[in-house]
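Engineer: I need the structure of the sequence given here:
(2 chains)
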Protein chains: 2
Amino acid sequence: MTITAEPVPETKSNAMARLEAAFADDMAKVNALIIERMQSPVGMIPDLASHLVRAGGKRLRPLITLASADLAGYAGDAHYKLAATVEFIHSATLLHDDIVDGSPMRRGKPAANTVWGNAASVLVGDFLFARAFSLMVETGRLRVLDILAGASSIIAEGEVRQLAAIANLDMSEREYMQIIEAKTAELFASAARVSAVIADLPETQEVALDRYGRELGLAFQLVDDALDYAGNAKKLGKAVGDDFREGKVTMPVAKAIQAASKEEQVFWTEVFGKQERDKTDLQHAMALITRHNTLQITLDQAQVHVDNAKASLQIFAPTNTRKLLCDVCDFVLDRSF
Amino acid sequence: MTITAEPVPETKSNAMARLEAAFADDMAKVNALIIERMQSPVGMIPDLASHLVRAGGKRLRPLITLASADLAGYAGDAHYKLAATVEFIHSATLLHDDIVDGSPMRRGKPAANTVWGNAASVLVGDFLFARAFSLMVETGRLRVLDILAGASSIIAEGEVRQLAAIANLDMSEREYMQIIEAKTAELFASAARVSAVIADLPETQEVALDRYGRELGLAFQLVDDALDYAGNAKKLGKAVGDDFREGKVTMPVAKAIQAASKEEQVFWTEVFGKQERDKTDLQHAMALITRHNTLQITLDQAQVHVDNAKASLQIFAPTNTRKLLCDVCDFVLDRSF
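Structural biologist: Coordinates of the predicted model:
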């Protein structure tokens, strides 16, 4: 018997690990900046912020900023500040979303609002948002501020629109896509685009990076919405069926409603007409989602956006970074958390 | 009997009206900008924002920006955008404060969170905050963004610090002053300072305008905290005793505790140790505040800050605008709402 040292196969699932490894030094600088700028003499602020930030998450957005800066041939150090900015804006929206959703869990830990209360979560979110803008000012680039201020209002619009659409079974697929583009894809798009701005890339390439982030963000959210009905609660770090309980009509449900028999339509109307949905309701909903195969339909749609994301990078030279940015799209599609 | 057309006496109480009249045309432009920039295809956003913004309030902060720009001899039109920015940041903090405080009323109307819920108030606050930054970007002045982003994080810090100090009877007077400087005076200071920046005034004058706003803001909050125990609920647009019920130890209470007999100290410790304080508790607290004359002590402190505010403007030429900015300090001191 011979033992050979097999090379680690380049599976889709380790694309994220390869991206992290390629930008580990840069990300260490970003993490140091994140820790530094969440400091405050008011102890509750770093306590709460680090509860969220240290819980980790995937740091996918700041990694996209770093990798995009590399793809753009950027040689300065403003991209560290922008990567931290993007993570701060993301963290602020998470803190505020937990209040909006009333989610008890976030990234496998009790959500900040369940530990410190809604009031602290609102205010620390505001603090991180303000600090994000201070970081951007330091880059000296007004266009960066314009892009991320614009993105921030679009994110809030998307969240409000989602709130207004709770339990609305007539919501069109187009409207659902507009909501996820605003609440999720806009920040991914901006995270990539701002690197093109600081690198002074021509418009075409700036738009290509925006498109990359946007399409990746759409795929990310579609997968997220599928995982809410299919994921492993432990890996997800939150309960399965959260969207259903909160009355959010996401793609897997929207597609199941489109395919519903008359009897099934009655179920959907009744179940989303209720103030609360219990475990039995969720089981019935999941049975219908399985019957009409709408998780696969949702993932097929995500695949289309992943393909678009990859295609948008074709105008860049075929560097290792371009490959990593393409491969991480597959990770987003295949992730189980 | 002869009827003479008496000139309207220049009482302290109409200083606000004179300031409003002097900048009515400018303020009309600011109001139009406010209405324009709170628009969104997501109907709930302008609905909720206009509920707050149309309810009015005093528009004191944007008026300070406009008058400061005039004092600074500014000839462009960026001050309209900055005045709208300041009002947007103020409105965003009000929306978020209502969640923090659980206040049912704001400016004599039901608070937005009692009509639309906490979720919508969080998100529309975020939207207004983001729009404020977009407005600033349009002025093309990074220092303005730096000042107001910095102010925004200081405001959040002040609010968190106040939250952490709830029911803390050992809070020092110095700490109370630091809290109100952060949560209130910082925005007044920035509202005045940014006009010096766009007018390219020298550092000394920029600092003087910052000082003016800061001292006026301190006076404003001290009076606000006195009015919470003395005001007319109808004029205030909110209930008397809100701070007490929320467990906020403000200057009138801090001073009453300093002067308390042993028996009175027991009352204060017990009443702030309770989860809730009722009407009888409030009546007892107000009796002690009256006994130790701490509302007057609070207003005397406000007077000192008003004097400081006026003094800081002495380096400017004695124009009518300088007079209006000085007189409005007296209004802040004498207001009954």
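
Engineer: What is the three-state secondary structure of A:Gly247?
Structural biologist: At A:Gly247 the chain is in coil, as set by DSSP: H, G, I helix; E, B strand; the rest coil.

Engineer: mind listing what's buried in the helix or strand containing A:Asp300?
Structural biologist: For A:Asp300, the element it lies in under DSSP states H and E is helix A:294-312. With burial defined by 16 or more other C-beta atoms under 10 Å in any protein chain shown, the residues of helix A:294-312 counted as buried are A:294-295, A:297-299, A:301-303, A:305-306, A:308-310, A:312. C-betas here are computed from N, CA, C, even on glycine.

Engineer: Nearest the geometric middle of chain A, what residue?
Structural biologist: The C-alpha lying nearest the average C-alpha coordinate of chain A belongs to A:Thr184 (C-alpha atoms, centre = their mean; 5.5 Å).

Engineer: Give me the neighbour count for the residue nearest to it when sequence neighbours are not counted.
Structural biologist: Leaving aside its sequence neighbours, A:Thr184 sits nearest to A:Gln221 (C-beta to C-beta, 6 or more residues apart in numbering or on different chains; 4.1 Å). Residues lying near A:Gln221 (other C-beta atoms under 10 Å in any protein chain shown) number 24.

Engineer: any idea of the mean pLDDT in stretch A:204-214?
Structural biologist: Per-residue pLDDT over stretch A:204-214 has a mean of 98.

Engineer: Buried residues in that stretch, which are they?
Structural biologist: A:Gln205, A:Glu206, A:Val207, A:Ala208, A:Leu209, A:Asp210, A:Arg211, A:Tyr212, A:Gly213, A:Arg214.

Engineer: Let's see which of the residues you listed end up in strands.
Structural biologist: Using DSSP state E, no member of those falls within strands.

Engineer: Dump those residues into CSV; add distance to chain B as well.
Structural biologist: Formatted as CSV, the buried residues of stretch A:204-214 follow (distance: C-beta to the nearest C-beta, whole Å):
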residue, distance to chain B
A:Gln205, 22
A:Glu206, 17
A:Val207, 20
A:Ala208, 24
A:Leu209, 20
A:Asp210, 17
A:Arg211, 22
A:Tyr212, 23
A:Gly213, 18
A:Arg214, 18
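
Engineer: could the residues you listed go into CSV alongside distance to A:Thr93?
Structural biologist: Shown next, in CSV, are those (distance: C-beta to C-beta, whole Å):
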residue, distance to A:Thr93
A:Gln205, 27
A:Glu206, 24
A:Val207, 24
A:Ala208, 25
A:Leu209, 21
A:Asp210, 19
A:Arg211, 22
A:Tyr212, 21
A:Gly213, 16
A:Arg214, 17
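
Engineer: Packing partners of the host helix or strand of A:Ala21?
Structural biologist: Per DSSP H and E, A:Ala21 falls inside helix A:15-22. On a contact count with 3 or more C-beta pairs under 8 Å, 6 or more residues apart in numbering or on different chains; DSSP states H and E, helix A:15-22 meets helix A:60-71, helix A:320-334.

Engineer: Show me which positions of it end up buried.
Structural biologist: Quick answer for helix A:15-22 (16+ other C-beta under 10 Å): A:Ala15, A:Met16, A:Arg18, A:Leu19, A:Glu20, A:Ala22.

Engineer: give the contact list for the second one.
Structural biologist: With contacts defined as C-beta atoms under 8 Å, 6 or more residues apart in numbering or on different chains, the neighbours of A:Met16 are A:Lys58, A:Leu60, A:Val328, A:Phe331, A:Arg335.

Engineer: Mind doing that once more with 6 Å?
Structural biologist: By C-beta atoms under 6 Å, 6 or more residues apart in numbering or on different chains, the residues touching A:Met16 are A:Val328, A:Phe331.

Engineer: which sections of chain A are below the confidence cut-off?
Structural biologist: Within chain A, the set of residues satisfying pLDDT under 70 comprises A:1-13, A:55-56, A:231-238, A:336-337.

Engineer: Name the single longest helix found in it.
Structural biologist: Assignment by DSSP state H gives helix A:203-230 as the longest helix of chain A.

Engineer: Tell me what angle it forms with helix A:294-312.
Structural biologist: Relative orientation of helix A:203-230 versus helix A:294-312 (axes from the mean of the first three to the mean of the last three C-alpha atoms, to 10 degrees): 160 degrees.

Engineer: For helix A:203-230, which helices and strands make contact with it?
Structural biologist: helix A:186-198, helix A:251-258, helix A:294-312, helix A:320-334 (3 or more C-beta pairs under 6 Å, 6 or more residues apart in numbering or on different chains; DSSP states H and E).

Engineer: How much space separates the residue lying closest to A:Gln39 once chain neighbours are set aside from A:Arg18?
Structural biologist: Leaving aside its chain neighbours, A:Gln39 sits nearest to A:Pro46 (5.5 Å; criterion: C-beta to C-beta, 6+ apart). Separation of A:Pro46 from A:Arg18 (C-beta to C-beta, to the nearest Å): 32 Å.

Engineer: do A:Thr184 as well
Structural biologist: 23 Å.

Engineer: how many other residues sit next to A:Asp146?
Structural biologist: A:Asp146: 17 neighbours (other C-beta under 10 Å).

Engineer: ditto for A:Val249
Structural biologist: 25.

Engineer: so what's it up against?
Structural biologist: A:Met171.

Engineer: could you redo the last one with a cut-off of 10 Å?
Structural biologist: The contact partners of A:Val249, by C-beta atoms under 10 Å, 6 or more residues apart in numbering or on different chains, come to A:162, A:165-171, A:175-176, A:179, A:225, A:243, A:256-257, A:268, A:272.

Engineer: And A:Val253, by the same measure?
Structural biologist: Neighbours of A:Val253 in contact, by C-beta under 10 Å, 6+ apart: A:169, A:171, A:176, A:225, A:228-229, A:243-244, A:268, A:271-272, A:285, A:288-289, A:294, A:298.

Engineer: can you check A:Lys310 too?
Structural biologist: With contacts defined as C-beta under 10 Å, 6+ apart, A:Lys310 is in contact with A:Tyr212, A:Glu215, A:Leu216, A:Arg322, A:Leu325, A:Cys326, A:Asp327, A:Cys329, A:Asp330.

Engineer: what about the first one, distance to A:Ser152?
Structural biologist: This points to A:Tyr212. A:Tyr212 is 20 Å from A:Ser152, by C-beta to C-beta.

Engineer: With the fourth one instead?
Structural biologist: The spacing between A:Arg322 and A:Ser152, counted by C-beta to C-beta, is 28 Å.

Engineer: ok, the two, which is more surrounded?
Structural biologist: More neighbours surround A:Ser152 than the other of A:Arg322 and A:Ser152, with 26 against 19 (other C-beta under 10 Å).

Engineer: name the element the closest residue in space to the more buried one that isn't next to it in sequence belongs to?
Structural biologist: Spatially, and ignoring its direct neighbours in sequence, A:Ser152 is nearest to B:Ala130 (3.6 Å; C-beta to C-beta, 6+ apart). Element membership for B:Ala130, per DSSP H and E: helix B:118-139.

Engineer: That helix versus helix A:118-139: what angle between them?
Structural biologist: 20 degrees.

Engineer: next SSE after helix B:118-139?
Structural biologist: Per DSSP H and E, the helix or strand that comes after helix B:118-139 is helix B:142-164.
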